[in-house]
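1. let me see the structure of the following:
(2 chains)
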2 protein chains.
Amino acid sequence: VTRTLRDLGEFEVIRRLLAVTPAPSLRGPTAAGSESAADAIVVGAGDDAAILRLRGGHELVATTDTLLEAAHFRRDWIDAATLGARLAETNSSDLAAMAAEPRWALVSFGVRADHPVDDLLEIQNGLVGALAHHGAVVAGGNLTAVTGEEWMTMTLLGEIQAGRAWTRSGARPGDLLAVTGHPGRAGVGCALALELGAAAHEARWADLIEAWRAPRARVGLALALARTGAVTAAIDLSDGMSSDLEHLCEASGVGARLEAAAWPADTALESAAAALSRPADALRLGASDDYELILAIDPPGRAACERVAAQLGVPLAFLGAFTDAPDRLEWIGRDGSLRTIEPSGYDHFAGGAASG
Amino acid sequence: VTRTLRDLGEFEVIRRLLAVTPAPSLRGPTAAGSESAADAIVVGAGDDAAILRLRGGHELVATTDTLLEAAHFRRDWIDAATLGARLAETNSSDLAAMAAEPRWALVSFGVRADHPVDDLLEIQNGLVGALAHHGAVVAGGNLTAVTGEEWMTMTLLGEIQAGRAWTRSGARPGDLLAVTGHPGRAGVGCALALELGAAAHEARWADLIEAWRAPRARVGLALALARTGAVTAAIDLSDGMSSDLEHLCEASGVGARLEAAAWPADTALESAAAALSRPADALRLGASDDYELILAIDPPGRAACERVAAQLGVPLAFLGAFTDAPDRLEWIGRDGSLRTIEPSGYDHFAGGAASG
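-> All right, here's what the predicted structure looks like:
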């Protein structure tokens, strides 16, 4: 028998959701000598509000993000656990971009009354597991019965030593421009699924589909890079390389120059570009929610950052530098030609994105 | 011309929403010598996450609540500013029930692309004004384009001196049971609107309709009562008197005995009960989201609590006492007869409530 939310009722389902806790092996590492996120919950879910204990000398870092059915996910494309993990990762990515440690999540579900409870528990399981990898736990939430699209909203609370957060506004002309991973892959994975359907599931494109379905926030790398002191600004890639880079440049009052030749080879993306009949560079720069990080790095700190990334096994590519031409994004092609880039991110209300 | 979200685009609408700030006269009082919530925002909306500075010796208090179109509001029954205020009040009420000070809100809107931007700004205006009354400000948020029902989720963050929070679990047998305001009014206001339609808008029922449309969280009273040290437990009334009282009793491992004769007279509720052909006491105890507080009070502190409530002009009624019979709710009628009460709150998934 499939039990639904309507069968079990609001309070019983909330009770079962809150009973999902991470396996001990999934609990994230905690800085030596400091309290785990779970132990720092003074009063948890089940009272009117949660009470949480921050560490002395730390500031609170807070972000919120929503996944909406049809707009951000389709249940025939993503399983429950991966969907739950995705909600945790998109929020964790925002904290990674501030170099903050994720600690506590409040989770709101808007689900239909005929939603099977086991599926909802699988979503919670995926979410709790992904949070645990980053050292965070669920501290509360809310359950609402919808009749239209389902949605999930997470507010993720983290901590950072006072004054140590990265912002979007710290980049200076001359700082190096680096990115983690392979920007553009998620957007290409999505385009493959949309345009090729089942034919997108070729082994050579598996990394692209995975980048789109199951992104991983760069929390561990961010915390390690923060210790180098070399990062001057950061933003996470949730709209697309050109669009998010423009946001960082605007906040910092700088421009940026990217060199095509400096981009890491990405044979998967390149073969997909051919199949989609689009230029690979446009796909690298265009609409894509990779949840990678764009970083501004003080030039003398480059080697230290490269060492940290290599130790953690995370690709870190130095693509160019920030300039003193506010809001101007320049692209140096493989032939040495220079052109300006128009940002091309995703606008949820326009319902699409311009090509990069 | 009516501009919609689709016309202006996601980023421009977010920019306009964030430009809504409280009038100086609406900014709430701040404890002497401490930083205002606005000043304690180290990094505000516009970066990947907000950075917030807690006061030394304080703990973080966090809650989240959603208003969903059709389930929690109908736009033909509530104007934009009142709707925005309602979202702020329902969340503030959870913090009031912990005796915490509201400080920072993260707000997520799920709205249709054809939603007029001016209306959304009015919602934000109502929300910002209501938060300001409680000393809180918006620190971030999110905007999502839905096609089905619209929804608004707020996560409200507050502060309390470490170890000073009220919980649901502190009530002891012998503690007095008090409530603020007039529980049941909101549920009756809703029933009037549903069953009588336009005929519900009689002057004699105006307080009931208002209790339902425009509740006010008891933040100021809670902070003042906390200073007496007499409150041992609290919960806010979001489901209904019998249901929420049961939650408090369950968490505290106690029972409660209510005396009909101790309830404050409520001629508006009584006349509505007659019009609705329902017993007034069932309406007092039944499904109702009043956002009042149920309090457990140490008997020697009663006079101090009554003084505080009188000073602030808030009705505070002592209805009975907590008992050592776990989870048992007893009702002593006006004739002295004793019966037990079955809780009758609202279950969103069942789509209705049992009669009290």
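
2. distance of A:Tyr291 relative to A:Trp212?
-> 10 Å (C-beta to C-beta, to the nearest Å). From N, CA and C alone the C-beta is placed, and that goes for glycine too.

3. what sits in contact with each of those two?
-> Taking C-beta atoms under 8 Å, 6 or more residues apart in numbering or on different chains as the criterion, A:Tyr291 and A:Trp212 both touch A:Ala186.

4. phi, psi of A:Ala280?
-> Backbone geometry at A:Ala280, expressed as degrees, to the nearest 10, gives phi -60, psi -40.

5. so A:Ala211 is in which element?
-> helix A:206-213 (DSSP states H and E).

6. same check, this time on A:Val42
-> strand A:41-43.

7. how about that strand: buried residues?
-> A:41-43 (16 or more other C-beta atoms under 10 Å in any protein chain shown).

8. heading C-terminal from it, find the next helix or strand.
-> Strand A:41-43 is succeeded, C-terminally, by strand A:50-52 (DSSP H and E).

9. neighbouring strands - and their directions - for that next one?
-> strand A:41-43 (antiparallel), strand B:58-68 (antiparallel) (DSSP bridges).

10. what sits against the residue lying closest to A:Arg284 once chain neighbours are set aside?
-> Take A:Arg284 and drop its neighbours on the chain: the residue closest to it by C-beta to C-beta, 6 or more residues apart in numbering or on different chains is A:Gly184, 4.0 Å away. With contact taken as C-beta under 8 Å, 6+ apart, A:Gly184 is in contact with A:240-241, A:266, A:269, A:283-286, A:288, A:290.

11. could I get the pLDDT score of A:Ser337?
-> pLDDT recorded at A:Ser337 is 94.

12. how far away is it from A:Arg257?
-> 13 Å.

13. now do A:Pro326
-> 13 Å.

14. could you do A:Ala273 as well?
-> On the measure of C-beta to C-beta, A:Ala273 and A:Arg257 end up 23 Å apart.

15. can you show me the strands along chain A?
-> With strands called from DSSP state E, chain A shows them at A:41-43, A:50-52, A:58-68, A:101-112, A:137-146, A:151-161, A:176-180, A:231-236, A:255-259, A:293-297, A:316-323, A:329-332, A:338-340.

16. would you mind giving those as JSON lines with distance to B:Glu330 added?
-> Formatted as JSON lines, the strands of chain A follow (distance: least, C-beta to C-beta, whole Å):
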{"stretch": "strand A:41-43", "distance to B:Glu330": "28"}
{"stretch": "strand A:50-52", "distance to B:Glu330": "31"}
{"stretch": "strand A:58-68", "distance to B:Glu330": "43"}
{"stretch": "strand A:101-112", "distance to B:Glu330": "36"}
{"stretch": "strand A:137-146", "distance to B:Glu330": "31"}
{"stretch": "strand A:151-161", "distance to B:Glu330": "40"}
{"stretch": "strand A:176-180", "distance to B:Glu330": "62"}
{"stretch": "strand A:231-236", "distance to B:Glu330": "56"}
{"stretch": "strand A:255-259", "distance to B:Glu330": "71"}
{"stretch": "strand A:293-297", "distance to B:Glu330": "60"}
{"stretch": "strand A:316-323", "distance to B:Glu330": "67"}
{"stretch": "strand A:329-332", "distance to B:Glu330": "71"}
{"stretch": "strand A:338-340", "distance to B:Glu330": "76"}
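
17. where does the residue of chain A found nearest chain B land on pLDDT?
-> Nearest residue of chain A to chain B: A:Gly148, at 1.8 Å (C-beta to the nearest C-beta). Per-residue pLDDT puts A:Gly148 at 92.

18. if we can go back for a sec, any idea which of the strands paired with strand A:50-52 gets closest to A:Ala296?
-> strand B:58-68 (30.2 Å; C-beta to C-beta).

19. residues near the residue of chain A closest to chain B, how many?
-> 20 (other C-beta atoms under 10 Å in any protein chain shown).

20. any idea how far it is from A:Ala71?
-> For A:Gly148, the distance to A:Ala71 - C-beta to C-beta - is 12 Å.

21. so what sits against both of the two?
-> B:Val146.

22. hmm, back to that, select from the contacts of A:Gly184 the one having the most neighbours.
-> A:Ser288 (34 neighbours).

23. close enough to count as contact, it and A:Ser242?
-> No - using C-beta atoms under 8 Å, A:Ser288 is not in contact with A:Ser242, being 9.8 Å away.

24. give me every residue that touches A:Pro86.
-> Slight slip there: residue A:86 is Arg, not Pro. By C-beta under 8 Å, 6+ apart, the neighbours of A:Arg86 are A:67, A:73, A:78, A:126, A:213-215.

25. can you read off the pLDDT for the most far-flung residue of chain A relative to its centre?
-> Farthest-out residue of chain A from its mean C-alpha position, per C-alpha atoms, centre = their mean: A:Val1, at 36.4 Å. Per-residue confidence at A:Val1 stands at 76 (pLDDT).

26. with A:Ser344 instead?
-> Predicted confidence (pLDDT) for A:Ser344: 70.

27. burial count for it?
-> A:Ser344, neighbours per other C-beta under 10 Å, totals 20.

28. quick one: it from A:Arg284, how far?
-> 11 Å.

29. not counting sequence-adjacent ones, nearest residue to A:Thr323?
-> Closest to A:Thr323 by C-beta to C-beta, 6+ apart is A:Gly255, at 4.2 Å.

30. was I right about the one you found contacting A:Leu329?
-> Yes - between A:Gly255 and A:Leu329 there is a contact at 6.5 Å, judged by C-beta under 8 Å.

31. list residues touching both of the two?
-> Residues touching both A:Gly255 and A:Leu329 (C-beta under 8 Å, 6+ apart) are A:Cys249.

32. spell out which parts of the stretch 101-250 of chain A neighbour chain B.
-> A:104, A:106, A:108, A:110, A:113, A:139-149, A:151, A:153, A:155, A:157-158, A:160, A:162, A:165, A:167-169, A:234-236 (C-beta under 8 Å from any C-beta of the partner chain).

33. mark which of those are buried, thanks.
-> Here, 16+ other C-beta under 10 Å leaves A:104, A:106, A:108, A:110, A:113, A:139-146, A:148-149, A:151, A:153, A:155, A:157-158, A:160, A:165, A:167-169, A:234-236 buried among these.
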